[in-house]
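*Asks:* okay, predicted coordinates and the sequence, questions at the end:
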Amino acid sequence: MTDYVFPTLGEAAQALLNSTGLLAQKNNPSEILKDEKAKKTFQTKLRRLANEEGDVEKSFQDVAVYLLGLVTEATRDIRVANAFMASVEDLYHSFRNAKREWATYLDKENTVRWLFECGLADVVVKSAQKYSLMYGLAVSELSSPVAPNWWLPEFAEDKVVWPLEKVWCWIYETADTSQSRFHNPNGEPGRAQQNLENVERWFNRNRLPQWGELVTNLESSLALLAACPDPKYKRTLTESEVKSFRVHLFFARMATDVLKAIDKAFGREFIRQLCRDMKAQNRRLAQMHAQWKAEIELELTCIGPLAGREYYAFWKEAVHGRWAWFNHLMTPGLRAFQELLSRKEGEPLSLAELKQARGMLPSHILAALMRMLRHKLADKDKAFAEFFLEGVKLRKLPDLSVDRIEAYKKRIDAAGQSGTLSWLVEWMYATYFYRRNEHRAAYPHYRKAFDLAKHSIGEDTYLLINQYAESCAKNDKRNEFSQVIRWANHNGVKIRWYRGEDDHDKAIELAYTFLKMASYPVV
């Protein structure tokens, strides 16, 4: 059976964690997961999060704490880890907002494809630049590859150079040596030769190493370089260079993992276009951040020298303030652009209107919005939209009847839309029984409608989940009611009468009591 849904937040979190390469047990140098009890605890939290069991918001926060520790351990730089986690939080909120605001009629794989095209890729680019500057990485002792798009692949007719290979080549260049002499400076058999063969295999056979394999190879090769008796091949790298190698290998491995998965799932042409869009966004945002960086450096010369925590705190506050002001300034432009689109009523913008739009918004925001407008509904998708709108109107009719619901169901079945709209049929039945005060009869339909629709219906989630919660209360389903509240919290959906900021359990009990007695005549 095809699922026409967004992935769950738990599934997205687990995919992100897997892409880091930090969870593999073999060759894992992690002290955090060394203890068997800690390892099992973490795996349990991951499983519960992916399956959305229990308090999913708490599970997410617990996993985030582990991830912060693992990334700090891998990169050996807390500021790098904090910048990474801030980016993860941006992705989390962007994904959650998309689920809350947008309905999907696509299967899960194509919904993910749409997410990458119309939002997540832009968030990745913006967050990487924003937090690199905010946490002072762009002004720290860390060195980076000269190429601004080192974290994206390069495509040729017969070969793809993935980010991990690009970073290894940068490491060899920084060490001023060849690949073979970096990993095996003495030209001897044994561990050094194995290191070299492993790297060649990663390049030529497209086998992606886990983080433990990668960092073990790096550290072993650096030790051999430093101990090499031949001055021609001996190399001693500075502490900051070694840290830079670790940081960039970590992110290059992660980028390679994600981008290879996208390539496999959606094809070469899709990822080529995605990378072109990301490179363009990277260039646009780099211009803005370069200007901000120059302004902040000028402010620092006026203030006087700052060191250590004060220096990085100044950068964090300065960048945060500029982004807050930037977002404030964008509000009128976004409103004007929305009004322009409303006047067009779905028609494409003319050249003159595009020029007008460029005066409303910065290029990186306009580019992201225009990318969303590129998506046109195919004929089969238009059929979904027509049946969906018809069903929404039908559910709200005062004289909704079983006959009308059954007739609608037959029509969507005949049109091949039952997979995408069966949740709406269940909601109609629930509405019908609710209006007749037949709450026991309404409850199973609310439950089924919610189970079918909770990851696919966008803005309608609010009304459906509130009615489902009310039905749970009216049918004495206290534990189920609590699970609904926790799911809503995790997905950013408000529940009537629930004010759970201060006292979670008491707030749930209060909402349960009120909704048990409440009656909403129009639903």
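*Replies:* Ah, there it is. Numbers count the residues shown, from 1 in each chain.

*Asks:* and Gly187, how many neighbours?
*Replies:* Gly187 is flanked by 12 other residues according to other CB atoms under 10 Å. Where you see a C-beta, it was placed from the backbone N, CA and C, and this is true even at glycine.

*Asks:* where's the residue nearest the centre of the chain relative to Leu354, distance?
*Replies:* Geometric centre of the chain, nearest residue: Leu91, 3.7 Å, by CA atoms, centre = their mean. From Leu91 across to Leu354, the span is 29 Å (CB to CB, to the nearest Å).

*Asks:* likewise Glu438?
*Replies:* 55 Å.

*Asks:* one more: Leu400?
*Replies:* 45 Å.

*Asks:* one more: Trp315?
*Replies:* For Trp315, the distance to Leu354 - CB to CB - is 36 Å.

*Asks:* where do the strands sit along the chain?
*Replies:* 154-155, 160-161 (DSSP state E).

*Asks:* in JSON lines: these, plus mean neighbour count, distance to Leu285 and mean pLDDT.
*Replies:* Listed next are these as JSON lines, based on neighbours: other CB atoms under 10 Å; distance: least, CB to CB, whole Å; pLDDT from 0 to 100:
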{"stretch": "strand 154-155", "mean neighbour count": "14", "distance to Leu285": "20", "mean pLDDT": "94"}
{"stretch": "strand 160-161", "mean neighbour count": "16", "distance to Leu285": "23", "mean pLDDT": "93"}
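
*Asks:* those: which one's closest to Phe60?
*Replies:* For those, distance to Phe60 was read as CB to CB. The smallest value, 33.7 Å, belongs to strand 160-161.

*Asks:* list the helices and strands the closest one packs on?
*Replies:* Contact partners of strand 160-161 among helices and strands, from 3 or more CB pairs under 8 Å, 6 or more residues apart in numbering; DSSP states H and E: none.

*Asks:* do you know how far the closest residue to Asp257 other than its chain neighbours is from Ser127?
*Replies:* Leaving aside its chain neighbours, Asp257 sits nearest to Ser19 (4.4 Å; criterion: CB to CB, 6 or more residues apart in numbering). Relative to Ser127, Ser19 is positioned 15 Å away (CB to CB).

*Asks:* do Ala473 as well
*Replies:* According to CB to CB, Ala473 and Ser127 sit 40 Å apart.

*Asks:* who has more neighbours, those two?
*Replies:* Ala473 (23 against 20).

*Asks:* low pLDDT regions in the protein?
*Replies:* Applying pLDDT under 70 to the chain picks out residues 1, 25-29, 376-380, 500-503, 521-523.

*Asks:* can you list the domains in it?
*Replies:* Residue ranges for each domain of the chain read 159-252, 380-517, as given by the TED database.

*Asks:* can I get those domains in CSV with distance to Leu106?
*Replies:* Shown next, in CSV, are the domains of the chain (distance: least, CB to CB, whole Å):
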stretch, distance to Leu106
domain 159-252, 27
domain 380-517, 9
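
*Asks:* so which of those domains is nearest Val56?
*Replies:* Here domain 380-517 is closest among those (CB to CB), at 4.1 Å.

*Asks:* who are the neighbours in contact with the residue nearest to the centre of the chain?
*Replies:* Leu16, Leu120, Val123, Val124, Ser127 (CB atoms under 8 Å, 6 or more residues apart in numbering).

*Asks:* then Asn184?
*Replies:* Counting by CB under 8 Å, 6+ apart, Asn184 has contacts Ala192, Gln193, Asn195, Leu196, Leu224.

*Asks:* nearest to Arg276 among the residues you listed?
*Replies:* Leu196 (34.1 Å).

*Asks:* ok, the closest one touching Arg181?
*Replies:* No: Leu196 is beyond contact range of Arg181, at 9.3 Å (criterion: CB atoms under 8 Å).

*Asks:* show me which of these two is the more surrounded one.
*Replies:* Using other CB under 10 Å as the criterion, Leu196 and Arg181 rank with Arg181 on top: 23 against 19.

*Asks:* give me the nearest residue to that one, chain neighbours excluded.
*Replies:* Residue nearest to Arg181 in three dimensions, not counting chain neighbours: Tyr233, with 5.1 Å by CB to CB, 6+ apart.

*Asks:* and for Trp114?
*Replies:* Nearest residue to Trp114, sequence neighbours excluded (CB to CB, 6+ apart): Leu106, at 6.4 Å.

*Asks:* can I assume that neighbour is in contact with Tyr4?
*Replies:* Yes: assessed by CB under 8 Å, Leu106 is found in contact with Tyr4 at 6.5 Å.

*Asks:* more neighbours, these two?
*Replies:* Per other CB under 10 Å, whichever of Leu106 and Tyr4 has more neighbours is Tyr4, with 24 against 18.

*Asks:* what's around Glu426, how many residues?
*Replies:* Glu426 is flanked by 23 other residues according to other CB under 10 Å.

*Asks:* now it: how far from Ala83?
*Replies:* 44 Å.

*Asks:* redo the contacts of Leu91 as a markdown table? Include distance to Arg47.
*Replies:* A markdown table is the format used below for those (distance: CB to CB, whole Å):
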| residue | distance to Arg47 |
| --- | --- |
| Leu16 | 15 |
| Leu120 | 24 |
| Val123 | 27 |
| Val124 | 26 |
| Ser127 | 27 |
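
*Asks:* now, these that are in helices?
*Replies:* Those of those mapping onto helices are Leu16, Val123, Val124, Ser127, per DSSP state H.

*Asks:* do you have the helices of the stretch 301-450 of the chain handy? List them.
*Replies:* 308-344, 351-360, 363-373, 379-396, 402-414, 418-435, 439-453 (DSSP state H, counting those that start in this stretch).

*Asks:* out of those, flag the one nearest Met517.
*Replies:* So among the helices of the stretch 301-450 of the chain, helix 439-453 is nearest, using CB to CB, at 12.1 Å.

*Asks:* thinking again about what came up before, I'd like to know which of the contacts of Leu91 is nearest to Ala252.
*Replies:* Using CB to CB, Val124 comes nearest to Ala252 of the contacts of Leu91, at 14.2 Å.

*Asks:* right, and the closest one touches Ser94 too?
*Replies:* No: using CB under 8 Å, Val124 is not in contact with Ser94, being 9.5 Å away.

*Asks:* looking at those two, which is more packed in?
*Replies:* Between Val124 and Ser94, counted using other CB under 10 Å, the more crowded position is Val124 (21 against 18).

*Asks:* so who does that one touch?
*Replies:* Per CB under 8 Å, 6+ apart, neighbours of Val124: Ser87, Leu91, Met278.

*Asks:* hang on, isn't the first one packed against Gln129?
*Replies:* The one in question is Ser87. No: here Ser87 lies out of contact with Gln129, judged by CB under 8 Å, at a distance of 9.8 Å.

*Asks:* Trp315 and Leu354: who's more crowded?
*Replies:* Trp315 (22 against 12).

*Asks:* relative to Pro348, how far out is the more buried one?
*Replies:* Distance, Trp315 to Pro348, by CB to CB: 42 Å.

*Asks:* ditto for Arg395
*Replies:* In terms of CB to CB, Arg395 sits 33 Å off from Pro348.

*Asks:* higher neighbour count, these two?
*Replies:* Shown here are Arg395 and Pro348; by other CB under 10 Å, Arg395 has more neighbours (20 against 10).

*Asks:* quick one, what contacts the nearest residue to the more buried one once chain neighbours are set aside?
*Replies:* Leaving aside its chain neighbours, Arg395 sits nearest to Met428 (4.9 Å; criterion: CB to CB, 6+ apart). For Met428, the contacting residues are Gly391, Leu394, Arg395, Leu400, Ile405, Tyr408, by CB under 8 Å, 6+ apart.

*Asks:* of the helices of the stretch 301-450 of the chain, which stretch is the most buried?
*Replies:* Stretch with highest mean neighbour count among the helices of the stretch 301-450 of the chain: helix 418-435 (a mean of 22; mean count of other CB atoms under 10 Å).
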